[in-house]
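Visitor: give me the fold of what follows.
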Amino acid sequence: MIDRILIDTLNIKSRDFAVKWENLIRNNEHLKHYQDKDDETLIEAGRNCFRLLSRILDRGFDHSLIENFFAEFGKKHLHGGFPVSEAIFSLNLMQKVVIEFIMTEFAPENPMRMYQSLGALTRIAEFFLLGSFYITKGFLEEAYTGVSSHDKGSKDFFKKFFKDDCFIDEK
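Guide: Residues are numbered from 1 along each chain as shown. Next comes the predicted model:
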């Protein structure tokens with residue numbers, strides 16, 4: 001069971017978490033495309049993700065909700081000129097913000113919270129891992145769609161470079 005206070009904190013203080021995430025982005029040399037974005041754009045993007053995490057921890061894993069959110073995230077990043085590696089790394093920084101909060105502010109209050117935090121950390125890790133998976137899928141799906149509509153390459157070409165079978169129409 002996930003502590004209600006953790007779930008509520010992720011939702012109510014989603015902006016605070018997003019500001020910490022935005023600060024990590026600003027201080028990281030590997031996120032050049034993110035650093036070109038203004039603070040409020042980044043904070044709002046982070047805020048939406050932290051709210052989704054809160055909802056998932058509260059109501060259980062809704063794979064279609066996670067898939068839709070992160071696949072769209074990946075597609076938008078492709079159109080925004082972001083490399084998929086930056087999108088994945090930025091998500092890792094979001095996970096870092098949540099873990100640091102749990103380990104420094106939430107769990108140390110009492111032994112029961114520390115125990116509950118172990119279960120929460122597992123679900124949080126699964127959420128961000130699924131997020132990375134679906135960002136990649138969305139990014140690749142959009143890349144495949146773009147390449148196939150502009151470059152009428154052979155099916156063999158697409159099968160060679162787009163290994164996910166969900167992209168290739170076998171008709």
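Visitor: helices of the chain, residue ranges please.
Guide: 4-12, 14-26, 32-35, 39-59, 63-79, 84-101, 111-150, 155-161 (DSSP state H).
Visitor: export the ones you listed as a markdown table, with columns for mean neighbour count.
Guide: Every residue, glycine included, has its C-beta placed from N, CA and C. Below are the helices of the chain laid out as a markdown table (neighbours: other Cβ atoms under 10 Å):
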| stretch | mean neighbour count |
| --- | --- |
| helix 4-12 | 16 |
| helix 14-26 | 20 |
| helix 32-35 | 16 |
| helix 39-59 | 18 |
| helix 63-79 | 17 |
| helix 84-101 | 19 |
| helix 111-150 | 17 |
| helix 155-161 | 12 |
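Visitor: possible to save those as JSON lines with mean pLDDT?
Guide: Converted to JSON lines, these look like this (pLDDT from 0 to 100):
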{"stretch": "helix 4-12", "mean pLDDT": "92"}
{"stretch": "helix 14-26", "mean pLDDT": "97"}
{"stretch": "helix 32-35", "mean pLDDT": "92"}
{"stretch": "helix 39-59", "mean pLDDT": "95"}
{"stretch": "helix 63-79", "mean pLDDT": "93"}
{"stretch": "helix 84-101", "mean pLDDT": "96"}
{"stretch": "helix 111-150", "mean pLDDT": "87"}
{"stretch": "helix 155-161", "mean pLDDT": "66"}
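Visitor: can you list contacts of stretch 103-113?
Guide: By Cβ atoms under 8 Å, 6 or more residues apart in numbering, the residues outside stretch 103-113 that reach it are 3, 5-6, 9, 114, 116-117.
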